[in-house]
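Visitor: Sequence unavailable; structure follows:
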């Protein structure tokens, strides 16, 4: 039973293992249905029918995979991409489908809002890490929905694994304890993470900003990366509603939509009902 | 594909032939992004979706025709500029391009 797995079987296994993979399929032109399976960690498998076309499509699809994009690209029969080369020749349309690894959400602070946020983030397809320095709170039993629960201070996590975070990922700091949230924010700012949200009332936020300034955070561009107080201003009250307001803000920041963030408002976050 | 793997695997275990339809491109307003996928087995069972429910019925017909050997793998377009073969539209007014093929790779 040492048969080489089919392209489908390899794709299936890699998707399930959350390993980034691209599937390139000719959808129009000669060799319709021909496939190339690409991955950043190993050579391509399959062929679109021409070695030069395979080489160019591999290069392009690896870039698309990095960006997490899927779409149709057009080539000449030998992978030509310049418009002049495509005049009077058959073009090949290739659907490049990216199976990027799941985006990550790192939650600092194992508080009552954490479980609700982890739950909503799982629905959205995030890989969720929960981290708190307090052993009694950061337990698997309290956060069975999380992919990983860590007992640690924030900085070592960013030093060891901060390079994993990119524009699709998010960090939420929910502790509202300055001992913990100042290093968590400073750590998050050392990464390329796309979203950093920090929980707390406007009073907590103002005090925290003072401590962050003392810790060396003065660059306005860096301060602008912080969504603090965290979440959209949708009047959320329960942990679950707050989780929705946070996740909605993460989506809106990614898509660049104008939505009312708590950060950009003023007055009490929870008005009397 | 991610969402339909479990169903596909169940069907493969039962030696069902399977066709897969994937959204490859959308123009204008479209309910699902490129990569949204739907699988159909030879018994007409369905997993996944490629729109908000507007065109799935027509996709089943296409997929079965491919599985029965009456049609080659191909691009299929749904939207307001439908050709005569597809009197199925998207209520949102967009156009979606699907690629439908047998799972034999």
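Guide: Right, received. Where do you want to start? Note that this is a predicted model, so its numbers are computed, not measured.
Visitor: Point out where chain A drops to low pLDDT.
Guide: A:1-2, A:271-273 (pLDDT under 70).
Visitor: So which bits of it are right by chain B?
Guide: With C-beta under 8 Å from any C-beta of the partner chain as the criterion, chain A meets chain B at residues A:6-8, A:11-12, A:15-16, A:23, A:25, A:27-28, A:32-33, A:35, A:46, A:70-72, A:95, A:97-99. Using the backbone N, CA and C atoms, a C-beta is placed for each residue, glycine as well.
Visitor: Pull up the pairing partners for the helix or strand hosting residue A:46, direction included.
Guide: Per DSSP states H and E: residue A:46 is located in strand A:42-47. Using DSSP bridges, strand A:42-47 pairs in its sheet with strand A:35-39 (antiparallel).
Visitor: Assign residue 8 to helix, strand or coil.
Guide: The chain I'm using is chain A. helix (DSSP: H, G, I helix; E, B strand; the rest coil).
Visitor: Tell me who's in contact with it.
Guide: By C-beta atoms under 8 Å, 6 or more residues apart in numbering or on different chains, the contact set of residue A:8 is B:103, B:105.
Visitor: Same question for residue A:148.
Guide: A:127, A:128, A:129, A:130.
Visitor: about what we covered before: give me the buried positions along the strand holding residue A:46.
Guide: A:44, A:45, A:46 (16 or more other C-beta atoms under 10 Å in any protein chain shown).
Visitor: repeat for stretch A:21-33
Guide: Result for stretch A:21-33 [16+ other C-beta under 10 Å]: buried residues A:21, A:22, A:23, A:24, A:25, A:26, A:27, A:28, A:29, A:32.
Visitor: Tell me if the second one really is in a helix.
Guide: No. The secondary structure assignment for residue A:22 gives strand rather than a helix, going by three-state DSSP.
Visitor: Name the residues of chain B found near chain A, please.
Guide: So chain B meets chain A at B:1-2, B:5, B:8-9, B:22, B:24-25, B:33-35, B:72-75, B:97, B:99, B:101, B:103, B:105 (C-beta under 8 Å from any C-beta).
Visitor: Let's see that with 6 Å instead.
Guide: B:2, B:5, B:24, B:25, B:34, B:35, B:73, B:75, B:99, B:101, B:105 (C-beta under 6 Å from any C-beta of the partner chain).
Visitor: among those residues, which are in strands?
Guide: Among the residues of chain B next to chain A, the residues falling in strands (DSSP state E) are B:24, B:25, B:75, B:99, B:101.
Visitor: For the first one, give me its contacts.
Guide: I take that to be residue B:24. Residue B:24 is in contact with A:27, A:72, A:95, B:34, B:97, B:99, counting by C-beta atoms under 6 Å, 6 or more residues apart in numbering or on different chains.
Visitor: Check the secondary structure at the residue nearest to it when sequence neighbours are not counted for me.
Guide: Closest residue to residue B:24 apart from its sequence neighbours, by C-beta to C-beta, 6 or more residues apart in numbering or on different chains: residue A:95 at 4.3 Å. Secondary structure, three-state DSSP: residue A:95 is strand.
Visitor: What strand or helix carries whichever residue of the stretch 101-250 of chain A sits closest to chain B?
Guide: Taking C-beta to the nearest C-beta, chain B has its nearest neighbour within the stretch 101-250 of chain A at residue A:125, 8.6 Å off. Secondary structure from DSSP H and E places residue A:125 outside every helix and strand.
Visitor: If we ignore the residues flanking it in sequence, what's nearest it?
Guide: Distances taken as C-beta to C-beta, 6+ apart place residue A:102 nearest to residue A:125, at 5.6 Å, with adjacent residues excluded.
Visitor: that older thread, of the buried residues of stretch A:21-33, which is the nearest to chain B?
Guide: residue A:27 (4.4 Å).
Visitor: SS state for the closest one?
Guide: Applying three-state DSSP: residue A:27 is strand.
Visitor: could you measure it against residue B:63, distance?
Guide: For residue A:27, the distance to residue B:63 (C-beta to C-beta, to the nearest Å) stands at 15 Å.
Visitor: again, but for residue A:104
Guide: Counting by C-beta to C-beta, the gap from residue A:104 to residue B:63 is 35 Å.
Visitor: Between those two, which is the more surrounded one?
Guide: Between residue A:104 and residue B:63, counted using other C-beta atoms under 10 Å in any protein chain shown, the more crowded position is residue B:63 (27 against 21).
Visitor: Wait, that one touches residue B:39, no?
Guide: No. Contact status for residue B:63 versus residue B:39: not in contact, 8.1 Å apart, counting by C-beta atoms under 6 Å.
Visitor: Got the phi and psi for the residue in the stretch 151-273 of chain A positioned nearest to chain B?
Guide: The minimum distance from the stretch 151-273 of chain A to chain B, using C-beta to the nearest C-beta, falls at residue A:255 (12.1 Å). Backbone torsions for residue A:255, taken as degrees, to the nearest 10, come to phi -90, psi -10.
Visitor: what's the burial count for it?
Guide: Residues near residue A:255, counting by other C-beta under 10 Å: 8.
Visitor: Using JSON lines, lay out the ones in strands among the residues of chain B next to chain A together with distance to residue A:226 and pLDDT.
Guide: Shown next, in JSON lines, are these (distance: C-beta to C-beta, whole Å; pLDDT from 0 to 100):
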{"residue": "B:24", "distance to residue A:226": "39", "pLDDT": "96"}
{"residue": "B:25", "distance to residue A:226": "37", "pLDDT": "93"}
{"residue": "B:75", "distance to residue A:226": "46", "pLDDT": "93"}
{"residue": "B:99", "distance to residue A:226": "43", "pLDDT": "97"}
{"residue": "B:101", "distance to residue A:226": "47", "pLDDT": "96"}
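Visitor: Columns distance to residue B:54 on top of those, output as a markdown table?
Guide: Below are those laid out as a markdown table (distance: C-beta to C-beta, whole Å):
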| residue | distance to residue B:54 |
| --- | --- |
| B:24 | 17 |
| B:25 | 16 |
| B:75 | 18 |
| B:99 | 18 |
| B:101 | 21 |
